[in-house]
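S.K.: Sequence and predicted structure below; questions after.
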Amino acid sequence: MLPRYRNILIALFILFALAFLGLVALFHNRADDYAVGEAKNQALNALLVHRAIHSYVTKIQRPEIYRLQGEGKLYPDYFSPLVMSFTFISRNIKDLLNLEREKHALEPIYFKLASENPRNPVNQADAVEVELLRRMNTNELKEYQKVVELEGQQWLYLAVPIGRSNKGCMKCHGDPADAPADMVAMYGDKAGFHESPDAIRALISIRVSLANIVKAGDQMAWTLSGFTFVVLSGIYLLLAFLIRRIDTQERKILSHNIELARLSMTDMLTGVYNRVGLQQHGVEIMKRADRFHHPVAVLLLDLDHFKQINDQHGHAVGDTVLARFADTIKTNLRGSDIFGRWGGEEFLVISPHLNLGEAMKMAEKLRHAIENTEFSNAIHLTTSVGVSEYQPGETDAALFARADQALYRAKSAGRNRVAGETNAD
């Protein structure tokens, strides 16, 4: 895979992983918020039930008792918490409600009407509730809500004040002399009396367990997380598939371009560089020679009397001879040498790190190799070689021209020989 597409896939993987982790955190955070919200709804429901009971007792039940007293059907000092104390009635209804919740495998809801001066000790405010009552009476606090941990379990704790006392409340919570005799006889004349007018004498304390709600919320969060993982994985795999297809197509195009570039610099008959390839590599080698100050030599080889091969044996044999000639030369070159077909039966060798004298020795080696090679149809051929050495700063055309002049001298001197450049070149 191409580096840029590999990097894209890695970046997408990191992005999707971060997105997934962020969504998982969000789902669980929302699940926690849901648990608190659901617990608050249950607490508010309990509070509304209490207020409904209070309203019923205050507006319906007590007036009915007072009517019966007024009609003489009940004696004037009649009092029973079973029908007249909304606190007593509310607490007992909550107990019955929790029994029903247990039957349905629901956590019980803790409910308490907390007071500093309760008639029933079960309603005695603890230190926290006393402080909350103080803050509510000074208007510092209207409502209190907090997630608390008790006995290793989390609860939502909600504290709401009851309404401030009024004139009607003072009958049962003011002076004991004004209260029903049955009430005083039942509770005494201390507890629940002598309350301050216009004060918040109690608060409603509610605790709702978060255990089952949190569990349900977590299950939903993990379900959403699993669904999100599947969706994001599917999207990532689809993108990876598309990117791989694009990468495959682009690598094919690059491969074709490389092949076209290679073919544009390759002689189709012999498989060595053509004139374009030789010139391109020659320029690069000369640049390095200028930079690092090392010698470069050029050998221009020509097959002697090659035209006779085509005339006597045909062009097919001539092509075979050229291919065998190229193979023989390649076999006798160094790995750093650049070799190619200059044109027709002329071939060129560019040899970095060789000076003129060393290049002449190489040229003799190549000449002997060709002289001792048997070509197709028992043909034996020779080659003439012209050698030149690169002069710093000169063009490749000038270097090749001096090698061509040296080759001309070798051929003029009888062929099958090596000639080096002269000062006249």
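M.R.: Yes, it's here.
S.K.: And for the helix or strand of the chain with the lowest mean pLDDT, what's in contact with it?
M.R.: One helix or strand of the chain scores below all others by mean pLDDT, DSSP states H and E: helix 167-173, with a mean of 75. Among residues not part of helix 167-173, those counted as contacts by Cβ atoms under 8 Å, 6 or more residues apart in numbering are 165, 178-180, 183, 192-195, 197, 201. Where C-beta positions appear, they are placed from N, C-alpha and C, glycine not excepted.
S.K.: hmm, try it at 7 Å
M.R.: Outside helix 167-173, the residues that touch it by Cβ atoms under 7 Å, 6 or more residues apart in numbering are 165, 178-179, 183, 192-193, 195, 197, 201.
S.K.: Just the pLDDT for residue 16.
M.R.: Residue 16 is assigned a predicted lDDT (pLDDT) of 92.
S.K.: Can you get me a residue count around residue 206?
M.R.: A count of nearby residues for residue 206, using other Cβ atoms under 10 Å, gives 26.
S.K.: do the one 4 residues further on as well
M.R.: The number of residues packed near residue 210 is 22, by other Cβ under 10 Å.
S.K.: Now do the contacts for it.
M.R.: Residue 210 sits next to 35, 39, 147, 154-156 when contact means Cβ under 7 Å, 6+ apart.
S.K.: any idea how far it is from residue 144?
M.R.: 17 Å (Cβ to Cβ, to the nearest Å).
S.K.: so how far is the least confident helix or strand of the chain from its chain's centroid?
M.R.: 67 Å (Cα atoms, centre = their mean, to the nearest Å).
S.K.: Okay, buried residues for it please.
M.R.: Using 16 or more other Cβ atoms under 10 Å as the test for burial, helix 167-173 gives 169-170, 172-173.
S.K.: And stretch 337-352, by the same measure?
M.R.: Along stretch 337-352, these residues count as buried under the neighbour rule (16+ other Cβ under 10 Å): 337-342, 345-352.
S.K.: before we move on, what about stretch 192-208?
M.R.: For stretch 192-208, burial by neighbour count (16+ other Cβ under 10 Å) applies to 192-193, 195, 200-208.
S.K.: can I get those in a markdown table with pLDDT and distance to residue 15?
M.R.: Listed next are the buried residues of stretch 192-208 as a markdown table, based on pLDDT from 0 to 100; distance: Cβ to Cβ, whole Å:
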| residue | pLDDT | distance to residue 15 |
| --- | --- | --- |
| 192 | 80 | 66 |
| 193 | 82 | 70 |
| 195 | 81 | 65 |
| 200 | 88 | 55 |
| 201 | 87 | 60 |
| 202 | 89 | 56 |
| 203 | 90 | 51 |
| 204 | 89 | 50 |
| 205 | 89 | 49 |
| 206 | 90 | 45 |
| 207 | 89 | 44 |
| 208 | 89 | 40 |
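S.K.: Among those residues, which one sits closest to residue 9?
M.R.: Distance to residue 9 across the buried residues of stretch 192-208 (Cβ to Cβ) is lowest for residue 208, with 48.4 Å.
S.K.: Could you count how many residues lie near residue 299?
M.R.: Neighbours of residue 299 using other Cβ under 10 Å come to 29.
S.K.: Now that it has come up, it's in contact with residue 350, right?
M.R.: No: between residue 299 and residue 350 there is no contact under Cβ atoms under 7 Å: 8.1 Å.
S.K.: quick one: residue 285 and residue 349, what's the gap?
M.R.: Using Cβ to Cβ, residue 285 is found at 12 Å from residue 349.
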